[in-house]
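[1] structural data only, the sequence is not supplied:
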Ligand SMILES: C[S@@+](CC[C@H](N)C(=O)[O-])C[C@H]1O[C@@H](n2cnc3c(N)ncnc32)[C@H](O)[C@@H]1O
């Protein structure tokens, strides 16, 4: 299985072919849709000998082309196991770590786990998700991976003057927000309790802490995912959490609305975050922290012993690794949402003396190839 979710095969001429919809161990008939000098891409036309892990996609919208869940044809247990394999493979190939410790850390429940969704807006104002590798919008009346409260908003909402809308519900609080990026957007068909606009807020409870989340701020796929991630990060921090002090606070880099600082109960922390909205939430959620509104790469590093970093899909990259290293952190806990960027960052961290100690793979997006990994590095 390749990062991104395609099955990998080989053409008779030796080229790798990435086959959309194929599973390891299967024999399929595939139609080649792109042929390059070094590789090709194909889609499954017919499954001849199916994997025991293949299931019929439970959601009818998969057959309509909905691109939201690319892995509904795989049993949930096999999804996590393959995500572990993909991470181990990325560390082997890209970071040149053939024996890296990579383990399965757990998965959120496969249905109803999403408390927030970014939806595309169709010409008639209805919302949906784009078809895979296409601009076509599959409008949705409901969605089985959305929490029931979120799913209930989909059929009624109508959006005009914007291409996208973000809907989010607070599972703990019953609150909800809706935010279309375009300033001139008009939203209709939402119940009265839904706050509209970037500054609308809801509250979610994670690790016993109530968190304020503004509509324009990042939040994990849902509170179950946030809870699982905080627990994995806590385990990864280990005894180093005890070393947090006023002179050596926890560094919560790419800290969003303060999920890790608040969830870990860190007594002293520095949150570095570029979003104005998330910083405002973090100041409410983690009053014990110093919140610095800055691109992490431009932050002037201060001494810490323990750093947690949770960058966007592109990963840390060279500049951010230099900043992290300059803090003098003995332990770095890296939360990655892309296995290839994790592997690239592993190589960059190794150049600064950080050794990969172990990666824990979480499935926070069942039925999709999205992978979340918590990795411990020590120096
Ligand atoms: C994957 S989210 C993680 C947020 C938080 N740790 C959580 O789990 O809720 C990444 C966060 O990094 C922020 N961000 C993106 N690029 C950044 C940068 N270059 N420097 C600082 N923050 C950045 C985003 O606004 C977002 O809040």
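    Sure, I can see it. Worth saying up front: this structure is predicted, and the values here are computed from it rather than measured. Numbers count the residues shown, from 1 in each chain.

[2] for the ligand, what is the nearest residue in this structure?
    In the chain, the residue that lies nearest the ligand is residue 256 (2.6 Å; C-beta to the nearest ligand atom). Heads up, the C-betas are built off the backbone N, CA and C, glycines and all.

[3] ok, now which ones touch that residue?
    Going by C-beta atoms under 8 Å, 6 or more residues apart in numbering, residue 256 touches 217-219, 273, 275, 278, 281-282, 310.

[4] so for the longest helix along the chain, what gets flagged as buried?
    Secondary structure of the chain read by DSSP state H shows that its longest helix is helix 76-93. The neighbour-count check on helix 76-93 (16 or more other C-beta atoms under 10 Å) flags 76, 78-80, 82-84, 86-91 as buried.

[5] including distance to the ligand, could those go into CSV?
    Formatted as CSV, those follow (distance: C-beta to the nearest ligand atom, whole Å):
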residue, distance to the ligand
76, 23
78, 26
79, 21
80, 20
82, 22
83, 17
84, 21
86, 19
87, 17
88, 22
89, 23
90, 18
91, 20
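
[6] surely residue 340 touches residue 89?
    No: using C-beta atoms under 8 Å, residue 340 and residue 89 do not qualify as a contacting pair, with a distance of 9.9 Å.

[7] list the beta-bridge partners for residue 336.
    On the basis of DSSP bridges, residue 336 is bridged to residue 373.

[8] distance of it relative to residue 209?
    Distance, residue 336 to residue 209, by C-beta to C-beta, to the nearest Å: 24 Å.

[9] same deal with residue 91?
    On the measure of C-beta to C-beta, residue 91 and residue 209 end up 33 Å apart.

[10] just to revisit the earlier point, name the nearest of the buried residues of helix 76-93 relative to residue 288.
    Proximity of the buried residues of helix 76-93 to residue 288 (C-beta to C-beta) peaks at residue 87, which lies at 33.0 Å.

[11] domain ranges for this protein?
    Under the assignment automatic domain parsing, the domains of the chain span 1-54, 80-109+221-378, 116-214.

[12] which one, of the ones you listed, ends up nearest to residue 68?
    Shortest separation from residue 68 across the domains of the chain is recorded for domain 116-214, at 4.2 Å, computed as C-beta to C-beta.

[13] ends of the closest one, how far apart?
    Start-to-end span of domain 116-214 (C-alpha to C-alpha, to the nearest Å) is 12 Å.

[14] same check on stretch 94-114?
    By C-alpha to C-alpha, the extent of stretch 94-114 from end to end equals 31 Å.

[15] list the contacts of residue 332.
    Listed by C-beta under 8 Å, 6+ apart, the contact set of residue 332 reads 307-309, 324, 349, 354, 376-379.

[16] sec struct for residue 226, please.
    With DSSP: H, G, I helix; E, B strand; the rest coil as the basis, residue 226 sits in helix.

[17] my read: it touches residue 263, true?
    Yes: if you go by C-beta under 8 Å, residue 226 and residue 263 touch, sitting 7.3 Å apart.

[18] ok, the two, which is more surrounded?
    Taking neighbours as other C-beta atoms under 10 Å, residue 226 and residue 263 compare with residue 226 leading, 25 against 22.

[19] so what's the residue most central in space within the chain up against?
    For the chain, the residue nearest the mean C-alpha position is residue 337 (4.9 Å; C-alpha atoms, centre = their mean). Residues near residue 337 by C-beta under 8 Å, 6+ apart: 312-313, 370-373.

[20] make it 6 Å
    Taking C-beta atoms under 6 Å, 6 or more residues apart in numbering, we find residue 337 in contact with 313, 372.

[21] what of residue 11?
    Going by C-beta under 6 Å, 6+ apart, residue 11 touches residue 17.

[22] isn't residue 107 right up against residue 78?
    No: with contact defined as C-beta atoms under 6 Å, residue 107 does not reach residue 78; the gap is 11.1 Å.

[23] min pLDDT across the buried residues of helix 76-93, which one?
    Among those, residue 76 carries the lowest pLDDT, at 90.

[24] the ligand contacts on the stretch 101-250 of the chain?
    When proximity is defined as C-beta under 6 Å from any ligand atom, the stretch 101-250 of the chain approaches the ligand at 218-220.

[25] residue ranges for the helices of the stretch 201-350 of the chain, please.
    With DSSP state H, counting those that start in this stretch as the criterion, the stretch 201-350 of the chain has helices at 223-237, 259-264, 276-285, 317-326, 339-351.

[26] could you look over these and pick the most buried one?
    Between those, helix 259-264 has the highest mean count of neighbours, a mean of 27, where neighbours are mean count of other C-beta atoms under 10 Å.

[27] check whether it comes near the ligand.
    Yes: for helix 259-264, a contact with the ligand is found by C-beta under 6 Å from any ligand atom, at 259-260.

[28] pull the most distant pair out of the contacts of residue 256.
    281 and 310 (14.9 Å).

[29] so what touches the strand ranked longest in the chain?
    Secondary structure of the chain per DSSP state E: the longest strand is strand 39-49. For strand 39-49, the surrounding residues in contact (C-beta under 6 Å, 6+ apart) are 15-22, 27-34.

[30] drop anything exposed from those.
    17-22, 28, 30.

[31] so, low pLDDT: which residues of the stretch 101-250 of the chain?
    Counting by pLDDT under 70, the stretch 101-250 of the chain contains no low-confidence segment.
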